[in-house]
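Colleague: Show me how the following folds:
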Amino acid sequence: MFMESDERKEIFFTEPLLNELYVMNVGYEKCLPRHSFGPQIREYYVLHYILSGKGTFRSRATTYHLKAGNFFLIEPNDVYAVYEADEQEPWEYVWIGFQGERTAAILQQLGFHAHVQVGELHNRSEAESYIHSLITDHLEQRHPILRVQGDFFRILSYFHMDQSTHQMNSNPRSPKHYVDLFIAHVRTSYGNPELTVNSIARQIGIHPTYLTQLTGAELQQTSLQYLTSYRMLRGKFLLENTDYTVEKVAHAVGYTNPLSFARAFKRLFGVAPGFYSKRHRRLD
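Modeller: Next up, the predicted model:
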């Protein structure tokens, strides 16, 4: 079933500026009750954000009941995606179609992957100001693609997966899924000093001990070992490529105590970070 609303706007862009990631189209619709779309095969990604109302999004065997503030991503060649507006409170949403050589990697950094395609936007007021600008300015005034592209990058940065995804999905998760979520949290938030194995386990909805068992089986490392080694690798990169002090590097990778960072760095690399930094600069 496909019912077209009178309140629908869409614009397409045919000349990409960047091959790595670029906008294909932007659209807005205030849907009629039970307006349904799909399944339809697309060759690009489409991100929907719900401005008001309610509806459902179905992908494979999972049905998500979504409302204002939620978003969902449809991947290229997804033959299962179907979404439908609520009968009593039909949703109003915007969508952005995009693709590019680096799209999958960028989405992974944001926490998206094959099993995580639905989330909740927490910083709604700030993000929605840019989204409304996208709707009113670009769809009505046809601004140059460079400005559209810039606004798209800013908007996309707000769509970061977190614990809301786990809470929305009632399906049981595979061990690999939890490990993927753990890795995504580490790689995107390692600089936060409050990021711990316990905090990540709490956000993805499992016990820390179970998380450690899963990472041991999948990564041959405990959760804490992976978190620490990732922070050390990022610290090593900063020591090699910047003139930051050890204290500044420590803070950049999530350590409030530079001595703790120095001890962890020496355990992993066999040399103190201060000495490593001086030696590397001499080699340069």
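Colleague: quick one: His65 is in a helix?
Modeller: No. His65 is assigned strand when assessed by DSSP: H, G, I helix; E, B strand; the rest coil, not a helix.
Colleague: Compute the distance between it and Phe71, please.
Modeller: Using Cβ to Cβ, to the nearest Å, His65 is found at 14 Å from Phe71. C-beta coordinates here come from the backbone N, C-alpha and C atoms, glycine included.
Colleague: For these two, work out which one has more neighbours and name it.
Modeller: Between His65 and Phe71, counted using other Cβ atoms under 10 Å, the more crowded position is Phe71 (23 against 12).
Colleague: Averaging pLDDT per element, find the lowest-scoring helix or strand in the protein.
Modeller: Ranked by mean pLDDT, DSSP states H and E, the weakest helix or strand in the chain is helix 163-168, scoring a mean of 43.
Colleague: Quick one: name whatever helix or strand follows that helix.
Modeller: Later in the chain than helix 163-168, the nearest helix or strand by DSSP states H and E is helix 175-189.
Colleague: and that following helix, what other elements does it pack with?
Modeller: Applying 3 or more Cβ pairs under 8 Å, 6 or more residues apart in numbering; DSSP states H and E, we find helix 175-189 packed against helix 103-109, helix 197-204, helix 208-219, helix 223-241.
Colleague: Show residues contacting that helix.
Modeller: Outside helix 175-189, the residues within contact range by Cβ atoms under 8 Å, 6 or more residues apart in numbering are 108-111, 113, 115-116, 160-161, 166, 195, 200, 203-204, 206, 211, 214-215, 217-219, 223, 226-227, 230.
Colleague: Would you agree Glu92 is in contact with His35?
Modeller: No. Look at Glu92 against His35 with Cβ atoms under 8 Å: they stay out of range, at 10.5 Å.
Colleague: Settle it for me: which of these two has more neighbours?
Modeller: His35 (22 against 18).
Colleague: Report the contact partners of Leu195.
Modeller: Residues in contact with Leu195 (Cβ under 8 Å, 6+ apart) are 185-186, 189, 227, 254.
Colleague: Closest to Glu128 out of these?
Modeller: Minimum distance to Glu128 across those is 23.3 Å, recorded for Ser189 (Cβ to Cβ).
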